[in-house]
Every structure is written in C-alpha cells, then in structure tokens.
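> dropping a prediction and its sequence here:
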Amino acid sequence: MAALLDYKCPNCGARVEFDSGTQQMKCPYCDSVFDVEALSAHDEALNNTKPDDINWELPEEEWTQSEMEGMRVYRCNNCGGEIVTDKTTAATICPYCDNPVVMVGNLAQDLKPEYIVPFQLDKEAAKAALRNHFKGKKLLPSVFASENHLDEIKGLYVPFWLFGGEAEADLTFNATMMHSWREGDDEVTETTHFAVERGGTMEFENVPVDGASKLPDDMMESLEPYDFSKAVEFKTAYLSGYMADRYDVDADSSVERANQRIKESTVQAFSDSVGTYATAVPVAQTVNVRNGKTKYALYPVWLLNTNWRGKKYVFAMNGQTGKFVGDELPTDKGKFLRYWLMYGALIGGAVYGAMWLSTLL
C-alpha cells in the first residue's frame, strides 16, 4: 500500500487546502491561513516516506500482472478509506471524506517539477465560464445547459515540458506580384515571380508540450498562453485540494512536437516579413535549434465533463487566465425544427406583405 501526503491545520487538525484567492494555504474550518513556505517541510516526506507494513490475505482469484501495472491503491490518512487510482495520478480527493491527498509513491520515481503555476480561478469561476459558453446558443438542449447535468468538474494540474532555445532559419519563398489592366473587353493579368530569401535567428522560451497522454493535445494547446512570470518554485502544498497528473510522456518523447511548434512559428514569422507581395509560399526551409533547454512545470486546468444521449462532452478552462475551450455543442432537433418553422413563417409573411403592397402602388 503506497503512502499519501496531506496537510493538517496546526490549530484545529482539519485538512488545509491551497486557496487560489489568497495564494496561501487555508483551513476551511477555523479560517487559519498559512504561507506555503511554512509548510515546505512536507516536501521532505517525498524522500523519507516508507510504505505501510500491512499484509492482506488475497482471494483465490488474484489480479493479473497487466491489470496491476495500470492501477494504484492508497489508504486515506484522514478516514482510512481506500483510494484506487491509475498510475499517472499524482494528487486527488478522497471520495469518502473529501480529504485532499498527494500520491507520494507515484511521484517518487519521477522527475520533480521545477515550477508550478498556481490556480488563480476557483470552481465557481469555471462554472460561470461554462454558463457564458452556453449563452446565445439557442439550439442547445435545455437540460444540457443545466449545471445539475454536469457529471464532473475538477481542478487538475497538468504536466508540461517547456522548451526554449535559439532557432536559426534559412528560407526561400516563391513570391508573386500581379498587375491587371483592361484591353478592350478583356481583363489582362500579368504575374511576376520572385525568389525571396530570408534568414536569421529567433529566441523561444517556455514552448509547452503536454506530458499527459490521456489529455487531448489540441485542447491543451488551445488553452494557451499561460503567464510563466507568475510561476513559482514547486511545492507539494500547491497540490492540496486539487488533482494532479504525473507525466507519462517524457521529455525525449516530447521533442518532436516541440520542434514542430518552433518550426511552424519560425516559418510563419519569416513569412510575415517577406513584404507586400501578393503571395509568398515557402519552397525551401531549414530550421535548427541551438542551446535548447527543457524545464518541467505543472499548469492549472479546470476540466468539466457531461454526457448527452450517450456522447461525452469535455470542456476545459485555463486555471490562471480563464480562457475556455470545449467540444462542439449538441443541437436540440426539436428546437431546430421550431426555429426553422418560425423563421420560415416570418420570411413568408414578409414576402407576402411586400407583394401585397406592390399591388397597391
């Protein structure tokens, strides 16, 4: 049984959580507030915690090796309940007593995050963003837009690899300029082609690549940007009260995506510098990255899940900036039909009225 790390209030013994509003640890029972640095001694538990010496009598039908590799079992220090998670969960909430817990055993074998961007926005802000996302969607099913229809809402720290370096680029563009004139009834267009060369260097900092395979990369990238200037040195205290994922895509496996993002941004920047040509299409390009460095950080994300007629819909909000993204919304076919009939009647009435007025003129 792996060990858990949670935080107790020195005054009343209740669990304390990280409060996004004050950026400190706060006890929800006695309202005591503690500086994160004051609780940093808990980090030492990552190296000192030993597994509980507990022996269990197993049933005859045991878990297979493949099944055991994908799951972890923990005991809550607050209520004693068992918590079953997958191996990539680093922090969660006890389903029995709502105690925030950190999976020390899951973190022990990984690289320690260097930085963390703390949550600036709470759960109510995520709900408000979802309501705002639904505004103006007249064809959205009414029950879908109800908060009571939400299956899950959770604050999650997502692992990111941050890449930085200097991109050296040499590009050749096929550019065109067009000139048109009339000759009698004909319009003549002359196209002149140019070979345009561009070269230089660009600095990149903190280009993020999602390190969790179970989260869609396109959704995570849509939540950007994060303000890295607000990042702080990682302390496990920031995880308290939220969920957290371990990386299961390491830095080496993320290099290809980082290179692609840097190359696309570099080519676009140099394309914008070509000038006032009608078109400019890159036909040859070489981009090299020098002095590349990588950092490991956790970024805050609110995830909201719901279902409609057997289909799962996922929405996400940047826990720092409030940027909101999500799946394409469903359409109520009954509302769709009613709106078409209503607008059809309005248009038909307007046409009939115009024809009737024309007979009077």
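In hand now; what should we look at? Numbers count the residues shown, from 1 in each chain.

> where in the stretch 1-150 of the chain is pLDDT low?
Counting by pLDDT under 70, the stretch 1-150 of the chain shows low-confidence ranges at 1-6, 38-76, 79-91, 93-110, 139, 143-149.

> which elements pack onto the longest strand along the chain?
Assignment by DSSP state E gives strand 150-183 as the longest strand of the chain. On a contact count with 3 or more CB pairs under 8 Å, 6 or more residues apart in numbering; DSSP states H and E, strand 150-183 meets helix 123-134, strand 186-210, strand 243-245, helix 251-272, strand 279-308. Yep, even glycine has a C-beta here, placed from its N, CA and C like the rest.

> for the record, mean pLDDT for the third one?
Per-residue pLDDT values over strand 243-245 give a mean of 81.

> swap in the longest one?
Strand 279-308 comes out with an average pLDDT of 88.

> contacts for the helix or strand just after that strand?
Next in sequence after strand 279-308, counting helices and strands by DSSP states H and E, comes strand 311-318. By CB atoms under 8 Å, 6 or more residues apart in numbering, the list of residues contacting strand 311-318 from outside reads 121, 125-126, 129-130, 133, 216, 219-220, 222-224, 226, 300-307, 323-327, 329-330.

> okay, the helices and strands packed on strand 150-183, which one's buried deepest?
Among the helices and strands packed on strand 150-183, strand 243-245 has the highest mean neighbour count (mean count of other CB atoms under 10 Å), at a mean of 24.

> what packs against it?
Helices and strands touching strand 243-245, by 3+ CB pairs under 8 Å, 6+ apart, are strand 89-93, strand 150-183.

> given that strand, what are its sheet partners and their directions?
strand 89-93 (antiparallel), strand 150-183 (parallel) (DSSP bridges).

> next, the buried residues of the last one.
By neighbour count with 16 or more other CB atoms under 10 Å, strand 150-183 contains the buried residues 153, 155-165, 167, 169, 171, 173, 175.

> stretch 310-326 now?
Residues 313, 315-321, 324-326 are the ones in stretch 310-326 that count as buried (16+ other CB under 10 Å).

> go on, stretch 215-224?
Buried-residue list, stretch 215-224, by 16+ other CB under 10 Å: 215, 219-220, 223.

> what are the phi and psi angles of Val117?
phi -100, psi 110 (degrees, to the nearest 10).

> that one: how many residues sit nearby?
23 (other CB atoms under 10 Å).

> can you pull the contacts of it?
Here Val117 is in contact with 226-228, 230-232, 297-300, 319-320 (CB under 8 Å, 6+ apart).

> hmm, back to that, now the strands paired with strand 243-245 as CSV including distance to Arg290?
Below are those laid out as CSV (distance: least, CB to CB, whole Å):
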stretch, distance to Arg290
strand 89-93, 33
strand 150-183, 5
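
> before we move on, back to that, could you dump the contacts of Val117 to TSV with distance to Arg290?
Formatted as TSV, the contacts of Val117 follow (distance: CB to CB, whole Å):
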residue	distance to Arg290
Tyr226	25
Asp227	26
Phe228	21
Lys230	28
Ala231	24
Val232	29
Ala297	22
Leu298	28
Tyr299	26
Pro300	32
Gly319	33
Gln320	30
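
> in what helix or strand does Met220 lie?
Element membership of Met220, judged by DSSP H and E, is helix 217-222.

> actually Gly275, sorry about that
Element membership for Gly275 (DSSP H and E) is empty, with no helix or strand holding it.

> which residues touch it?
175, 196.

> if you set the cut-off to 6 Å instead, what comes out?
The contact partners of Gly275, by CB atoms under 6 Å, 6 or more residues apart in numbering, come to none.

> do the one 5 residues further on as well
For Ala280, the contact set (CB under 6 Å, 6+ apart) comprises 173, 175, 271, 274.

> partner residues bridging it?
Per DSSP bridges, the residues bridged to Ala280 are Ala175.

> measure Phe119 to Thr321 for me?
Counting by CB to CB, to the nearest Å, the gap from Phe119 to Thr321 is 11 Å.

> hmm, I was thinking of Gly199
35 Å.

> partner residues bridging the nearest residue to Arg261 once chain neighbours are set aside?
Excluding its sequence neighbours, the residue lying closest to Arg261 (CB to CB, 6 or more residues apart in numbering) is Val207, at 5.6 Å. On the basis of DSSP bridges, Val207 is bridged to Phe163.

> Pro300 is in contact with Val158, correct?
No. Between Val158 and Pro300 there is no contact under CB atoms under 6 Å: 7.8 Å.
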